[in-house]
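J.: no sequence on hand, only this structure:
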């Protein structure tokens, strides 16, 4: 059974003002508070596999125009308000009520939106005022760089009593740009805009690192993330409806007692919320328990029997049903008895089979007496409320009597709706023990869980709350299991070492572990470089532990002063490798270089020196080849003497 509400033919969404309730045959819709724009026709539609029923009602709501502004104080205290206003400095100024003429006006923003300069992860708050206030046809929309914004986990909008507010939590660099608020009614439209600049934190790269040919894929990722936070209820009419069809068939299974049996097949359509899949053994419904498990997810239908007995042999039938029809498929299981079963009596000496049968008969009589005592269901223990983090399992358990009633039924409800058991939800009901297991939780699993036990004599319920703490969208912590963390880092360290011609001094014990106290420690030291000439390159290299410490900070100093990064100086720190590259050296680069590492538990440093000799600025040695040197010098001297002689004669004249 599904219940849907519609307002003026459109699906009605539940929210802070609108609440729906469906339980024990009662269907309720509450709207609190109600506004004039809520007026219209409301339709409730109930439907199941056999058909549907509809009921309709009309809501009329008139806006309040007669707000009482006069004092409601008793006689004799009329001057008290003036006295209070004088003390508060408010005076008697009161805003005049809007007349009907004011409502017949196009939108107008009374204040502008200020430009913002923010840092990452801060809150962006935009606020303005808009008239007319009580216009039911007013529609307010927000745009970011021309694209309409939708409310979500980070984005919240408010439009009430003339106040228009937009808040964006945990802003990122991509949130920078132009924000526009547009108001539209039947008389016109108006808009106001502002600029927002978000400064990214240092050392955090928020731009896509994909190759150019793949960068359009980030748009698809953003669309997927928006769909995750913007989950809308999809009615069955919006889905493509068609009867179930088995795409693949399960295979017959032959096994021996104690072995596992597995049946799987595929079914279409995928994602049909009205689809029901049931398994039968020799035309009897299969009881799901500790041995037998079923899966129905993404079109895959599976039946697993962990260990088989001879009685499990027979015909297994899988039936799939939805509102358009049903399909079924059969498969055989042949479970053979083991030939080495010991059939001789294993009873101790003195214990006969007759005595054993007598004891078993008494046990059967006692069991029959218990079976005859059928009473109203009653929960002996109650389920308890739970609080878990997203992705963690949740477990509810209780005990119920009578445990031997074959007609006793157990049903679970989540926020008034019956729980659909599937790959995440597992039900256990054996010998009075009732349990519900959620293998991994999502935030939408929060709410009230009710367990109902019912038979022909009556029913009983027990309830509890589940709270699920939502995890951040980006997981910064290592997701490798604890036992594999060190091995994973060791593989990454070895891969990083292959990039450099360096001997590996780091070991598996140097990997960061949050449960151990690991101050910085240089496993290898940087080596001094003393025979450099100008324009040659220099390289300092060392290895640092612990590897993968998120709090580790590495700094370089020259002669005690911080070393500025530039086009000649390049630093590198990855998987325990620390490198300083000087692409080409000058004489002024000579000095003592120090690498300092620090975290929350301490500091460590290593030092080395550079000595770079300066090249002469003037080239004094002849650059002429040896065989031409003597002849060339004589010619130069002859030319210079001739020039000097001409200069002397000119000066004497």
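T.: Noted; the coordinates are in hand. Predicted model, so just to flag it, every value in this text is computed and none were measured. Numbering: from 1, shown residues only.
J.: mind checking the pLDDT average for the helix or strand where residue 221 lies?
T.: Residue 221 belongs to helix 217-229 when assigned by DSSP states H and E. Average pLDDT, helix 217-229: 64.
J.: before we move on, what about stretch 198-209?
T.: 69.
J.: swap in stretch 260-267?
T.: Stretch 260-267 comes out at a mean pLDDT of 92.
J.: show me the contact partners of it.
T.: Stretch 260-267 is contacted by residues 244-251, 253, 255, 275, 277, 299-308, 312, 316, 318, 320, 327, 329, 331, 333, 335 when judged by CB atoms under 8 Å, 6 or more residues apart in numbering. C-beta here means a position set from N, CA and C on the backbone, and glycine is covered the same way.
J.: among those, which are located in strands?
T.: 245-248, 253, 255, 277, 300-305, 316, 318, 320, 327, 329, 331, 333, 335 (DSSP state E).
J.: please pick the buried ones from the residues you listed.
T.: Neighbour counting by 16 or more other CB atoms under 10 Å classes 246, 253, 255, 277, 301-303, 305, 316, 318, 320, 329, 331, 333, 335 among the ones in strands among the contacts of stretch 260-267 as buried.
J.: name the nearest of those residues relative to residue 557.
T.: Distances from residue 557 to these, taken as CB to CB, are shortest for residue 302 (62.8 Å).
J.: any idea whether the spatially closest residue to the closest one that is not a sequence neighbour is helix, strand or coil?
T.: The shortest distance from residue 302 to any non-neighbouring residue, by CB to CB, 6 or more residues apart in numbering, is to residue 295 (4.0 Å). Per DSSP: H, G, I helix; E, B strand; the rest coil, the local secondary structure of residue 295 is strand.
J.: re the thing from before, out of the buried ones among the ones in strands among the contacts of stretch 260-267, flag the one nearest to residue 376.
T.: The closest of those, once distances to residue 376 are taken by CB to CB, is residue 277, at 32.8 Å.
J.: list the contacts of stretch 152-166.
T.: 110, 124-131, 133, 138, 140, 142, 149, 151, 167-170, 179, 181, 183, 226, 229-230.
J.: mark which of the residues you listed are part of strands, please.
T.: 124-131, 140, 142, 167-168, 179, 181, 183.
J.: ok now do the residue nearest to residue 302, which residues does it touch?
T.: Residue 295 makes contact with 301, 302, 304, 422, 423, according to CB under 8 Å, 6+ apart.
J.: give me the beta-bridge partners of the first one?
T.: What that stands for is residue 301. Per DSSP bridges, the residues bridged to residue 301 are residue 265, residue 296.
J.: hmm, it is touching residue 318, no?
T.: Yes. Counting by CB atoms under 8 Å, residue 301 touches residue 318, with 6.2 Å between them.
J.: shared neighbours, these two?
T.: Common neighbours of residue 301 and residue 318 (CB under 8 Å, 6+ apart) are 265, 277.
J.: now do residue 383 against residue 543, distance only.
T.: 55 Å (CB to CB, to the nearest Å).
J.: ditto for residue 446
T.: From residue 446 over to residue 543 (counting by CB to CB), the distance is 48 Å.
J.: which one of those two is surrounded by more residues?
T.: Set residue 446 next to residue 543 and count neighbours by other CB atoms under 10 Å: residue 543 wins out with 22 against 18.
J.: who is the more buried one paired with across the strands?
T.: Beta-bridge pairing for residue 543 (DSSP bridges): residue 524, residue 577.
J.: just give me the neighbour total for the closest residue to residue 600 other than its chain neighbours.
T.: Distances taken as CB to CB, 6+ apart place residue 551 nearest to residue 600, at 5.3 Å, with adjacent residues excluded. When counting by other CB under 10 Å, one arrives at 10 neighbours for residue 551.
J.: now residue 593
T.: 22.
J.: before we move on, what about residue 426?
T.: Around residue 426 there are 17 residues (other CB under 10 Å).
J.: residues in contact with the nearest residue to it once chain neighbours are set aside?
T.: Ranked by CB to CB, 6+ apart and with sequence neighbours excluded, the top spatial neighbour of residue 426 is residue 437, at 4.3 Å. Residues in contact with residue 437 (CB under 8 Å, 6+ apart) are 393, 394, 395, 425, 426, 428.
J.: give the rounded mean pLDDT of stretch 536-553.
T.: Rounded mean pLDDT across stretch 536-553 is 90.
J.: got the buried residues for that stretch?
T.: 538, 540, 541, 542, 543, 544, 545, 546, 547, 548, 549, 552.
J.: and stretch 601-612, what's buried?
T.: Those would be 606, 608, 610, 612, for stretch 601-612 by 16+ other CB under 10 Å.
J.: out of those, list just those in strands.
T.: Of the buried residues of stretch 601-612, the ones assigned to strands by DSSP E are 606, 608, 610, 612.
J.: any chance of those in JSON lines, plus pLDDT and distance to residue 454?
T.: Shown next, in JSON lines, are these (pLDDT from 0 to 100; distance: CB to CB, whole Å):
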{"residue": "606", "pLDDT": "94", "distance to residue 454": "75"}
{"residue": "608", "pLDDT": "94", "distance to residue 454": "80"}
{"residue": "610", "pLDDT": "93", "distance to residue 454": "85"}
{"residue": "612", "pLDDT": "91", "distance to residue 454": "90"}
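J.: Throw those residues into CSV and include distance to residue 589, thanks.
T.: Listed next are these as CSV, based on distance: CB to CB, whole Å:
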residue, distance to residue 589
606, 18
608, 13
610, 6
612, 5
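J.: which outside residues touch stretch 296-308?
T.: With CB under 8 Å, 6+ apart, stretch 296-308 has contacts from 247, 250, 255, 257-268, 270-271, 275, 277, 279, 286, 290-295, 312, 316, 318, 320, 333, 335, 422-423.
J.: now swap in stretch 599-609 and tell me
T.: By CB under 8 Å, 6+ apart, the list of residues contacting stretch 599-609 from outside reads 517-522, 525-530, 540, 542, 549, 551-553, 590-598.
J.: quick one: least confident helix or strand in the protein?
T.: helix 100-103 (a mean of 54; mean pLDDT, DSSP states H and E).
J.: ok, now which ones touch the residue nearest to residue 375 when sequence neighbours are not counted?
T.: Here the nearest residue to residue 375 in space, its sequence neighbours aside, is residue 402; by CB to CB, 6+ apart that works out to 5.5 Å. Counting by CB under 8 Å, 6+ apart, residue 402 touches 373, 374, 375, 377, 408, 432.
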